[in-house]
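Engineer: Just a sequence and a predicted model for now, questions to come.
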Amino acid sequence: MPKEKIAYQNKDIISKIFAERIRNKSLRVYGLDVPDIVRALPTNLPAIEANELRMDNLFLLADGSLAIIDYESVYREENKIKYLGYESRVIERYYKENRKFPRLRIIIIYTADVTRRQTESMLDTGNLQLNIMEAFLSELPSDKIKKILREKIKHGIALTEEEMMEFIILPLSYKGREAQRTEIKKSVNLVTYIQNKETLIFLLSGLLVFTDKVIDEETAAHIRRRISMTKVGMILEEERIHDIKAATKAVRRKAAKETKAATKAATKATARETAERMLTDGKLSVKEIAGYIPGMTVSEVEKIHEEMGQLPRV
């Protein structure tokens, strides 16, 4: 079966979605002792050759260094030539944009098909050395991680930052292409239990980006549709919340206005009753009564006095 990959234009869209949510995430769960990710960077690099040179991931880390990350399911000595190409193009682009050389890390994450004893992390050609940081997903306790993630997700318990990073790499911690594809589909089915849409989008986009080399196009298309539907749903939900807030604000304004009017009417009625009682008592003049009752004028007291069938008292 030929290797199927996500079309690059689709991958670019998903990568942008993923990049929005990868900030401040850690790679330590993969056994990599490097600073946290600040953001994802474009992975299409200028190339002298006609063929496009494209790495899997390029991240800016918290210490200002750049991390070039590739995922491999086999170890080949000649891949170091490819990694040198990545370094060369990244240095070229970075220098043109910043007029200085970047600090680089080459990180290779091996799927469960490769063990630590099979690889060599150093290339030394005499006047050039390439040091590779390696992570071996074969060393992750896959079944244990999967059980914990499944239980938390199905019971509506929020995943930690580390658990989210474990989730998106978990399928690659199983050995063999078919097993990995099976685990990808299980992971996609599992996220249907997640209610938090931001988490859902991060897990789906991360799963799609990290498993690009092994995922089949049918599953990839399904994930893209889920992400699209979720993002549309988030937009609609934001609009609905905005409408609810606006409606609630309008109702509150109306209620406040009605309360103010009712309070004013009640206050006016109380003031009239007080004025009538004082006029009936006959001990105070109209002017004195107006001064006694807040907000009532002399003319208003006189009008009440007249309506009571008495001559005004001054």
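Structural biologist: Looks like it arrived, so ask away.
Engineer: going forward, measure contacts between C-alpha atoms and count neighbours the same way
Structural biologist: Fine.
Engineer: The closest residue to residue 118 other than its chain neighbours in helix, strand or coil?
Structural biologist: Residue nearest to residue 118 in three dimensions, not counting chain neighbours: residue 75, with 7.1 Å by C-alpha to C-alpha, 6 or more residues apart in numbering. Following DSSP: H, G, I helix; E, B strand; the rest coil, we place residue 75 in the coil state.
Engineer: which residues touch residue 75?
Structural biologist: Neighbour list for residue 75: 114, 118-119 [criterion: C-alpha atoms under 8 Å, 6 or more residues apart in numbering].
Engineer: now these in a markdown table, with pLDDT?
Structural biologist: What follows is the contacts of residue 75, written out as a markdown table (pLDDT from 0 to 100):
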| residue | pLDDT |
| --- | --- |
| 114 | 95 |
| 118 | 95 |
| 119 | 96 |
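Engineer: Give the PyMOL command for selecting the buried subset of these.
Structural biologist: Command for PyMOL, covering only those of those found buried under the criterion 16 or more other C-alpha atoms under 10 Å:
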select buried, resi 114
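Engineer: nearest to residue 183, of the contacts of residue 75?
Structural biologist: residue 114 (17.7 Å; C-alpha to C-alpha).
Engineer: in a helix, that's where the closest one is, yeah?
Structural biologist: No: Residue 114: not assigned to a helix; according to three-state DSSP it is coil.
Engineer: ok, residue 142 touching residue 169?
Structural biologist: No: between residue 142 and residue 169 there is no contact under C-alpha atoms under 8 Å: 10.0 Å.
Engineer: ok, those two, which is more surrounded?
Structural biologist: Between residue 142 and residue 169, counting by other C-alpha atoms under 10 Å, residue 169 is the more crowded of the two (23 against 17).
Engineer: neighbours of residue 124, just the number please.
Structural biologist: So residue 124, with other C-alpha under 10 Å, has 9 neighbours.
Engineer: I'd like to know the beta-bridge partner residues of it.
Structural biologist: For residue 124, the beta-bridge partners are residue 129 (DSSP bridges).
Engineer: how much space between it and residue 101?
Structural biologist: Distance of residue 124 to residue 101, given as C-alpha to C-alpha, to the nearest Å: 21 Å.
Engineer: can you check residue 222 too?
Structural biologist: For residue 222, the distance to residue 101 - C-alpha to C-alpha - is 41 Å.
Engineer: picking up where we left off before, for the residue nearest to residue 118, give me the backbone phi and psi.
Structural biologist: The phi/psi pair for residue 75 (degrees, to the nearest 10) reads phi -100, psi 120.
Engineer: What ranges in the protein fall below the confidence cut-off?
Structural biologist: Within the chain, the stretches with pLDDT under 70 are 1-17, 44-54, 231-252, 254-269, 309-314.
Engineer: Helices of that one, start to end?
Structural biologist: Shown for the chain, the helices assigned by DSSP state H span residues 8-21, 79-98, 142-154, 161-169, 177-190, 197-210, 217-281, 286-292, 298-307.
Engineer: Distance to residue 61 added to these, as JSON lines?
Structural biologist: Output for the helices of the chain, formatted as JSON lines (distance: least, C-alpha to C-alpha, whole Å):
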{"stretch": "helix 8-21", "distance to residue 61": "13"}
{"stretch": "helix 79-98", "distance to residue 61": "15"}
{"stretch": "helix 142-154", "distance to residue 61": "26"}
{"stretch": "helix 161-169", "distance to residue 61": "16"}
{"stretch": "helix 177-190", "distance to residue 61": "27"}
{"stretch": "helix 197-210", "distance to residue 61": "17"}
{"stretch": "helix 217-281", "distance to residue 61": "26"}
{"stretch": "helix 286-292", "distance to residue 61": "75"}
{"stretch": "helix 298-307", "distance to residue 61": "77"}
